[in-house]
Structures are given as structure tokens and as C-alpha cells.
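For reference, the sequence and a predicted model appear below.
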Amino acid sequence: MSQLREQLEAARELYLAQRYPGDLALQVIPVRRKWWSRFAGTAVAGLAAAIIAAILLHQAIMSPTPPQRATVPVTRAKRPMFVVLPGLPQAPKSMTLAPALGDQPVFLPALPRFPSLLETLSDRSEAIETVDENSTALEAS
């Protein structure tokens, strides 16, 4: 074997021989808690969820009680009372609700529109041509 190969083998053996004294996993990872604390936490959370569900279901199932009517003592009035409701407002008969259009079509003003892709591309090509013409005219002068 060559000398380089021997050095590499020696370095490999030295690397593999290195060990941590003790149990590294116990020092790095915390000790597991006992199962009773997890069980108690789960039981408390389940009990709280059951109480909330029972309250919500009780409110949903419970039938509403009719409102109690208050009794008002009736006193006889000496004069009879009449209630008169006002009539509905009416439009004058001479007023028309909609203008008579007859058979004439209704014309609306033109709505704004967006330019098409072809119009946009043609405008750009024209702008590029005018810029090229201006730059050549400037260079010539």
C-alpha cells in the first residue's frame, strides 16, 4: 500500500475509535414524563369539551317559553274612541308614470371600450417606426 492509503486508514480508525463517554441521548433528550400526567390532562380536556357540548345542546333543545302577557286593568271610557287611519297617497290622474315611447327605439350613448390586442400592437409598431425615423433624422443632421 502507498503511504497516503496508510494515512487515510489510520485517520479512519482514529475517527471510528472516538466515542462519547456516557449516554449522550439521556443528556440531550429530556426524560419522558410519567403517563399519569398525560392521562390527567386528556381527561380534563375531555371533561371541558363535554361540558361545553352539553350547554350548547341544552340551549338548542330547550323549547322557548311563550312570553307572559301583562294584564292591564280595563277602565270604561266615558266617550267612545274612534281610530281613523289616513288613506294611501295617490298620484294625480293627469300625471303619467312613464313617458310614452311609442315605437321609437331607445338610443343609449356609446360605452367606453378597451382597445383590442391588434390595435395595441399596431400602435406600438407605429410608435417604434416614428422613433426610428426621428433618430435617423437626428443622426443625419
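Sure thing, it's come through. Everything quoted here is computed from the prediction, not taken from an experiment.

ok, and the residue most central in space within the chain, which helix or strand is that part of?
In the chain, the C-alpha nearest the mean C-alpha coordinate belongs to residue 56, at 26.6 Å (C-alpha atoms, centre = their mean). Using DSSP states H and E, residue 56 falls within helix 35-61.

which residues of the chain score low on pLDDT?
1, 33, 62-64, 72-78, 86, 91-92, 95-103, 130-141 (pLDDT under 70).

What ranges does this structure have for its strands?
Counting by DSSP state E, the chain has no strands at all.

which stretches of it form helices?
Here the chain has its helices, by DSSP state H, at 3-17, 24-28, 35-61, 117-140.

Could you point out which of those helices sits nearest residue 70?
Closest of those to residue 70 is helix 35-61, at 26.2 Å (criterion: C-beta to C-beta). (Glycine included, C-beta is placed from N, CA and C.)

Show me what counts as buried in the closest one.
Within helix 35-61, no residue qualifies as buried by neighbour count (16 or more other C-beta atoms under 10 Å).

Likewise for stretch 81-88?
In stretch 81-88, counting by 16+ other C-beta under 10 Å, buried: nothing.

how long is that stretch from one end to the other?
22 Å (C-alpha to C-alpha, to the nearest Å).

Identify the residues contacting that stretch?
Around stretch 81-88, nothing counts as a contact under C-beta atoms under 8 Å, 6 or more residues apart in numbering.

Please state the offset of it from the chain centre?
52 Å (C-alpha atoms, centre = their mean, to the nearest Å).

Can you lay out the helices of the chain as a markdown table showing distance to residue 67?
Shown next, in a markdown table, are those (distance: least, C-beta to C-beta, whole Å):
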| stretch | distance to residue 67 |
| --- | --- |
| helix 3-17 | 87 |
| helix 24-28 | 68 |
| helix 35-61 | 18 |
| helix 117-140 | 67 |
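
Any idea which of these gets closest to residue 80?
Here helix 35-61 is closest among the helices of the chain (C-beta to C-beta), at 48.0 Å.

what helices or strands is the closest one leaning on?
On a contact count with 3 or more C-beta pairs under 8 Å, 6 or more residues apart in numbering; DSSP states H and E, helix 35-61 meets no helix or strand.

That helix: how far from the chain's middle?
Mean C-alpha position of helix 35-61 versus that of the full chain (C-alpha atoms, centre = their mean) differs by 30 Å.
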